[in-house]
Every structure is written in C-alpha cells, then in structure tokens.
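*Asks:* Requesting a structural model of the entry that follows:
(one chain, ligands or ions: 1)
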Amino acid sequence: MKANVAVTRRIPRNGIELLRGECDRVEVNPNERSLTQAEFLAMIAGRDGVLTELINRIDDEAFDAAGPRCKVFANCAVGFNNVDLAAANRRGIVITNTPDVLTETTADLAWALIMASARRIVESDTFLRSGQWDGWGPMQFHGHDVHGATLGIIGAGRIGTATARRSIGFDMKVLYYDASGMANAELDRLGGRQVGLDELLAESDFVSLHVPLTDQTHHMIGQAELARMKPTAHLINTSRGPVIDEAALVSALGDHVIAGAGLDVFEKEPAITPGLTDLDNVVCLPHIGSASGATRAKMAELAATNLLAVLKGQRPPTPVNPEVLDR
Ligand code: GLV
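*Replies:* Numbers count the residues shown, from 1 in each chain. Below you'll find the predicted structure:
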C-alpha cells in the first residue's frame, strides 16, 4: 500500500514488521528515548498515519503538524489521556488504543506492588545487599498481612476487576468504588461490595487505583483522602500519576498517615516529586505495568493492526472514537 507512516518510539519487532509488510514507507524513531515535542512534530509531518507512545501529545498542534493526509493516530497504550479527543473528532481523525491485551499483566503488577509494599520487599532487599544483615531476627521488617485483608478497588473496569479477581487466593474482602455508580457483576460474584469512596478509603487495607486520568480523576487522592485511610493501609497506583496529589502523598508517607505505597506511575513522569524516593515506605517502579515481553508484543501488534485497518479503509479493532468511523 502507498502509505507513509511514523512510529514515534521503537516497539517490539512484530509491530514494525506488520507495518513494513503493508506500507511502502515506515520510519521509526531510532533513539532509545522519547522524542522531544519539536522532534515529534517534525517526525509526523506529511504522514498518513502515526503510531504513538503515551507521552506524545496528540492535539491540534500535532494534527496541524501531521497535515491533511493523516487519518489515524494509533496509541500504543490503553490510556489515552494524551489525546485531545474533541480535536480529533472535529477533524475526523481516528484514534485507537490497546485495551484488553494488557489487562492481566497490569493486574499482575498491581499485585507485585501490593506484596512489595505490605511485606517491605524492596526495603529488605536493599538492607541485605548493603551488608548490614547479621542474621534472622524476630523484630526485623514487620510488615502487614495480605491474606484476610480488605482490598479496595477504585475504578471497577477491566484492570480493577482483574486485580480484584486475584484476591480470591488471599481470602480477602473486596470493596469497590466506580464513579459510574454501575454495579460490577464479576466483582459482586466474588463477594465484592460496592461502596462510596469515603467508606472504601476508611475500610480498606490496600487501596488500588484503576481509573483513567480525566478532569474528574485528577488529584482524586489528596491530603483529605489520605487522611481518611487507615494508618496501616497501603496505596497502590498502576493507573496514571496525576490521579494522586504526589506532594500530599510524600507528606502522608513521611508522617505515617498511611503505612506505605506502591507506585508504577508518577505525576510528572519521568520527574519524581522531591522527597518521595528518600522514603523507605514506598516502592517506585518506572511505569512498567504492561511490560512483559508477551504483552508488549501484543500491544505492538494491536497498535499496528489498528493503524493499518484505518489506512485500508477498514474498521480498526479498538477505536477510541468510533463516532468518527460511523460518519
Ligand atoms: C500504560 O500505561 C498504558 O496506558 O497502556
């Protein structure tokens, strides 16, 4: 097909091969880093389609830079808070994302953070490696039990549900809150109970965030919400950093308002709020929720398939703004 495509960050090879198998021109960002905004705008100029990463700002500025031939931006992520959907809709540009394929892998990582925060895994490992360990001690590294505890899920969508499902083996009680107010049949079957946000914060031993980043969820967890949590509770975030007021979290962790936190995402990635990484009671990961080899390959395949479908005039498997296709 006569098509000119840009890939703004290197993705697993299967995705690139799919694009190269069908398009006569595919240019991939050769750097092992994100493009600067100026590089991004320059790279997408004159393309028919663009395969993006989650930090690329897909808005009027990008659409102007891409030019009138551009039909599709295929985001290689499930989240699309980097996209101005109203602008895309106005211009009839299709936006796609990569849902479903990363649900279970991201839920696995939420659990890695639950376990790591509860049982002080990183702190203990750092202690041992430092050469300070002089043998088993009955008072060393007391953490919190996960089994039998209460898991509070904020955002009862795909990943929140998959995270809750994993709690069965730990004999946990599940509470969930979803702003839609909709009951979640699977969580109800697991014995989960839908509650208000305040009750979830007050009752949960582990609060796990699974909401998209929107104007409504920005700083959804701030000083007041942290103060409602138990002093023995842990906050887990595998969604988007700005859902938490990170400065308020640094204070809450430092003052032991809550016991710990497990974070895969940050408010101003890759910058981290000063003081956060000085704390022992937080585990910080570099946004690796979906980072298993198998899942990243599936995301690459889905993003490429979405992009190719639009260029061929077909319906992409996972459009974010299907209303554009239905016009
Ligand atoms: C990762 O954060 C994603 O949205 O896929």
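*Asks:* To what extent is Leu285 buried, counted in neighbours?
*Replies:* 18 (other CB atoms under 10 Å). Quick note: C-beta positions are derived from backbone N, CA and C, even for glycine.
*Asks:* Correct me if wrong: it contacts Glu269.
*Replies:* No: in this structure, Leu285 is not within contact of Glu269 by CB atoms under 8 Å, at 11.3 Å.
*Asks:* Write out the residues of the stretch 51-200 of the chain neighbouring the ligand.
*Replies:* Leu54, Ala77, Val78, Gly79, Leu102 (CB under 6 Å from any ligand atom).
*Asks:* Point to the residue nearest the middle of the protein.
*Replies:* Geometric centre of the chain, nearest residue: Ser239, 3.8 Å, by CA atoms, centre = their mean.
*Asks:* Just to be sure, that residue is in a strand?
*Replies:* No: applying DSSP: H, G, I helix; E, B strand; the rest coil, one finds Ser239 to be coil, outside a strand.
*Asks:* Can you pull the poorly scored residue ranges out of the protein?
*Replies:* Across the chain, nothing is flagged by pLDDT under 70.
*Asks:* Relative to its centre, which residue of it is most distant?
*Replies:* Here the chain reaches farthest from its C-alpha mean at Asp134, the gap being 39.1 Å by CA atoms, centre = their mean.
*Asks:* In contact with the residue in the stretch 101-250 of the chain positioned nearest to the ligand, which residues?
*Replies:* Residue nearest to the ligand within the stretch 101-250 of the chain: Leu102 (5.7 Å; CB to the nearest ligand atom). Residues near Leu102 by CB atoms under 8 Å, 6 or more residues apart in numbering: Val78, Gly289, Ser290, Thr295, Lys298, Met299.
*Asks:* Can you name the residues of the stretch 201-327 of the chain that neighbour the ligand?
*Replies:* Checking the stretch 201-327 of the chain against the ligand by CB under 6 Å from any ligand atom, the hits are Gly289, Ser290.
*Asks:* Show me where the stretch 201-327 of the chain has its strands.
*Replies:* 206-209, 234-237, 260-263, 282-284 (DSSP state E, counting those that start in this stretch).
*Asks:* what are the ranges of the helices in the stretch 1-150 of the chain?
*Replies:* Using DSSP state H, counting those that start in this stretch, the helices found in the stretch 1-150 of the chain span residues 13-22, 37-43, 60-66, 85-91, 103-118, 121-129.
*Asks:* re the thing from before, could you flag which of the residues of the stretch 51-200 of the chain next to the ligand are buried?
*Replies:* Leu54, Ala77, Val78, Gly79, Leu102 (16 or more other CB atoms under 10 Å).
*Asks:* What ranges does the stretch 51-200 of the chain have for its strands?
*Replies:* Secondary structure of the stretch 51-200 of the chain (DSSP E, counting those that start in this stretch): strands at 72-75, 94-96, 150-154, 173-177, 193-194.
*Asks:* Do I have it right that Ala227 meets Ile258?
*Replies:* No: using CB under 8 Å, Ala227 makes no contact with Ile258, being 9.0 Å away.
*Asks:* now for the longest helix seen in the chain, which elements pack on it?
*Replies:* When the chain is parsed with DSSP state H, its longest helix is helix 293-311. Other helices and strands packing on helix 293-311, by 3 or more CB pairs under 8 Å, 6 or more residues apart in numbering; DSSP states H and E, are helix 13-22, strand 49-52, strand 72-75, strand 94-96, helix 103-118.
*Asks:* if you set the cut-off to 7 Å instead, what comes out?
*Replies:* Packing partners of helix 293-311 (3 or more CB pairs under 7 Å, 6 or more residues apart in numbering; DSSP states H and E): helix 13-22, strand 49-52, strand 72-75.
*Asks:* starting at the chain centroid, how far to the first one?
*Replies:* Between the centre of helix 13-22 and the centre of its host chain there is 25 Å, according to CA atoms, centre = their mean, to the nearest Å.
*Asks:* returning to that earlier point: got TSV for the residues of the stretch 51-200 of the chain next to the ligand, with distance to Ala66 too?
*Replies:* Putting these into TSV (distance: CB to CB, whole Å) gives the following:
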residue	distance to Ala66
Leu54	18
Ala77	19
Val78	22
Gly79	21
Leu102	26
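*Asks:* Quickly check the residues you listed for the two that are furthest apart.
*Replies:* Farthest pair in these (CB to CB) is Leu54 and Leu102. Separation: 11.7 Å.
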